[in-house]
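Peer 1: predicted model, plus sequence, below.
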Amino acid sequence: RNMPLRKFSVLLGLAKTPEEVDPLDVVTHGLESVHGEPILEQEQEPSALQGEIDAIDLNQDSNDNLLDENMDVLQNVRVIIPNKLAYLAVKPEQLLNHKESLNRQGYHLFWSTMHKLYSPHCMDFGPVNIGVVHRFIRAMKKQLSKIDSDKIILYCFDTEANTIANSTFLLASFLLLHAGLPPQEAAAPFLRPSAPFALKPFRDADSSPPTFNLTLLDCISALHRATTLGWFDPDTFDIATYRKLELSENGDVHQICPRLIAFRGPVRPVDLARRAVVSGHIPAYYGELLRRMGASCVVRLGGSGRYD
């Protein structure tokens, strides 16, 4: 069957401008409610997305296969904050079939598509950027604040390897930045032998075999270092500006640290006029933007034939 999450992935590809729906697409309470969050500079309550969830009969009779499958699902639940937060790698079909069993066990189901918000350049698949991390932490804190005290949030994600890698990165980031755990402890729940999966390391944006594997602990240690140096503060992070500049139509600009900015290289005006390139900006566009951001020197790393 076509599952609802396939519809969400379509929304992800459309959420490009501030006027369109933000692909938060959070699904909670056993996948019974769907919410999206508008891209606005001020905080607002999520507004409902238009659409329907595919109907699945949850009243079917039990059988041996279903019972065994249900037992496997429950056995794969791992608690990462006692009495507050757990995670589960599960196929959407299984989650929908057994949501009531999980609810009876005291779990408040939480599923989002934020782990999908990564645009690969080649064979790379993550990790998701700091803007997604910030939004995930905000969404998770909101969930923790509104559930009953006797409930445990169960964050669920698909069993595909790339999804697991980005989802565990988000959860470990939450443990680091919100729960205050050191990097080793924040990554530990997903690296222990008892974890129900082996993590796929991140890689560079190339088509050749990777020569360096970027582990979950590498990523969490870097995030910890950035917060220690004051480069990133979840409480003061300007998410509206970040999300505006990260869009390809706005230059794909990222301030890596206080003295380093990365961005998509310019293109020649004649190429834009002839539509020889799909998208891009002329050098003058970046010149004004980079001056406002305090840049004093630009180094070109590639694309020497694209502009003068």
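Peer 2: Everything's here; your move. Numbering: from 1, shown residues only.
Peer 1: what segments of the chain are helices?
Peer 2: 4-14, 64-75, 92-97, 99-104, 130-146, 161-177, 183-191, 216-228, 239-246, 269-273, 283-292 (DSSP state H).
Peer 1: how about these, which one is nearest Pro120?
Peer 2: Distance to Pro120, taken as C-beta to C-beta, is lowest for helix 161-177 among these, at 9.3 Å. C-beta here means a position set from N, CA and C on the backbone, and glycine is covered the same way.
Peer 1: helices or strands next to that closest one in the packing?
Peer 2: strand 78-81, strand 85-89, helix 130-146, strand 152-157, helix 183-191, helix 216-228 (3 or more C-beta pairs under 8 Å, 6 or more residues apart in numbering; DSSP states H and E).
Peer 1: contact partners for the closest residue in space to Pro189 that isn't next to it in sequence?
Peer 2: With C-beta to C-beta, 6 or more residues apart in numbering as the criterion, Pro189 has its nearest non-adjacent residue at 4.4 Å, and that residue is Ile80. Contacts for Ile80 (C-beta atoms under 8 Å, 6 or more residues apart in numbering) come out as Ala86, Tyr87, Leu171, Leu175, Pro189.
Peer 1: just the endpoints, please. Distance across stretch 148-157?
Peer 2: 22 Å (C-alpha to C-alpha, to the nearest Å).
Peer 1: ditto for stretch 79-98
Peer 2: End-to-end span of stretch 79-98 (C-alpha to C-alpha): 18 Å.
Peer 1: again with stretch 189-202
Peer 2: Using C-alpha to C-alpha, the end-to-end distance of stretch 189-202 comes to 18 Å.
Peer 1: I would like the residues contacting that stretch, please.
Peer 2: 76, 78, 80, 87, 89, 124-127, 159, 161-162, 164-165, 168, 171-172, 175, 213-217, 219.
Peer 1: ok, back up a step: of the helices and strands packed on helix 161-177, which is nearest Ala273?
Peer 2: helix 130-146 (32.2 Å).
Peer 1: neighbouring contacts of that closest one?
Peer 2: 24, 26, 28, 37, 84-85, 108, 110, 112, 114, 117-118, 153, 155, 170, 173-174, 177-178, 223, 232, 234, 237, 239, 242-243, 246.
Peer 1: and these, which of them are buried?
Peer 2: 24, 26, 28, 37, 85, 108, 110, 112, 114, 117-118, 153, 155, 170, 173-174, 177-178, 223, 232, 234, 237, 239, 242-243, 246 (16 or more other C-beta atoms under 10 Å).
Peer 1: from Ser248, how far out is Lys99?
Peer 2: Note on Lys99: its distance to Ser248, by C-beta to C-beta, to the nearest Å, is 37 Å.
Peer 1: tell me where the model's unsure across the stretch 151-300 of the chain.
Peer 2: Along the stretch 151-300 of the chain, the parts satisfying pLDDT under 70 run over 276.
Peer 1: ok so, going back, reformat the contacts of Ile80 as TSV; add neighbour count and distance to Lys200.
Peer 2: Supplementary listing: these in TSV, determined by neighbours: other C-beta atoms under 10 Å; distance: C-beta to C-beta, whole Å:
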residue	neighbour count	distance to Lys200
Ala86	23	21
Tyr87	24	16
Leu171	24	15
Leu175	23	20
Pro189	21	17
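Peer 1: out of those residues, which two sit at the greatest distance?
Peer 2: Across those (C-beta to C-beta), the longest gap, 12.3 Å, separates Ala86 and Leu175.
Peer 1: that older thread, need the helices of the chain in TSV with distance to Ser208, can you?
Peer 2: Shown next, in TSV, are the helices of the chain (distance: least, C-beta to C-beta, whole Å):
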stretch	distance to Ser208
helix 4-14	27
helix 64-75	37
helix 92-97	33
helix 99-104	42
helix 130-146	27
helix 161-177	18
helix 183-191	27
helix 216-228	20
helix 239-246	27
helix 269-273	28
helix 283-292	30
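Peer 1: point out the most buried one among those.
Peer 2: Using mean count of other C-beta atoms under 10 Å, the stretch among the helices of the chain with the largest mean neighbour count is helix 161-177, at a mean of 23.
Peer 1: ok, residues contacting that one?
Peer 2: 80-81, 87, 89, 114-116, 118, 125-128, 132-133, 136-137, 140, 155, 157-158, 181-183, 185-187, 189-190, 197, 199-202, 216, 219-220, 223-224, 227, 234.
Peer 1: thanks a lot, catch you later.
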